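K.L.:
need a structure here:
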Amino acid sequence: LSLRYHQLNPNYIYERLKTTKLPYQLKVLLVQCDVNDSSQSLKELALLSIIYELTLLISWNDEESAKYLETYKIMEGKSTESLMDLQQYQSNDFLTK
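P.N.:
Modelled structure (predicted):
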């Protein structure tokens, strides 16, 4: 969700959430912060995320938004054990550089 779009059409996300009532384990709201004054909109979306039990991710540009989506798609269907092993490997790799 683009914050610019949200400011122009504030009811859009509410209508989308009303029509998406499926019992997903993970519900993500990816918000692209593409306006200068974002604090009020982000507060509103943070509250919305709490009420609707969403994970709120904030990105600052198209590339970062795409990376979030790409990463979720890659990790889709993987077991938690394999993800924990990957996380531990990446942490160790980062510390050695």
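K.L.:
now stretch 55-63, how far from the centre of its chain.
P.N.:
6 Å (C-alpha atoms, centre = their mean, to the nearest Å).
K.L.:
measure that stretch end to end?
P.N.:
19 Å (C-alpha to C-alpha, to the nearest Å).
K.L.:
Name the residues of that stretch that come out as buried.
P.N.:
Leu57, Ile58, Ser59 (16 or more other C-beta atoms under 10 Å). Every C-beta, even on glycine, is put in place using the N, C-alpha and C of the backbone.
K.L.:
which regions of this protein sit below the pLDDT cut-off?
P.N.:
The chain contains residues with pLDDT under 70 at 83, 85-97.
K.L.:
for it, what spans make up the helices?
P.N.:
3-8, 12-19, 39-51, 62-75, 80-96 (DSSP state H).
K.L.:
that older thread, got the buried residues of stretch 55-63 as CSV, with distance to Ile13 columns?
P.N.:
Converted to CSV, these look like this (distance: C-beta to C-beta, whole Å):
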residue, distance to Ile13
Leu57, 14
Ile58, 14
Ser59, 16
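K.L.:
Figure out how far stretch 65-73 is from the centre of its chain.
P.N.:
9 Å.
K.L.:
Mind listing residues that contact that stretch?
P.N.:
Val28, Leu30, Gln32, Leu57, Ser59 (C-beta atoms under 8 Å, 6 or more residues apart in numbering).
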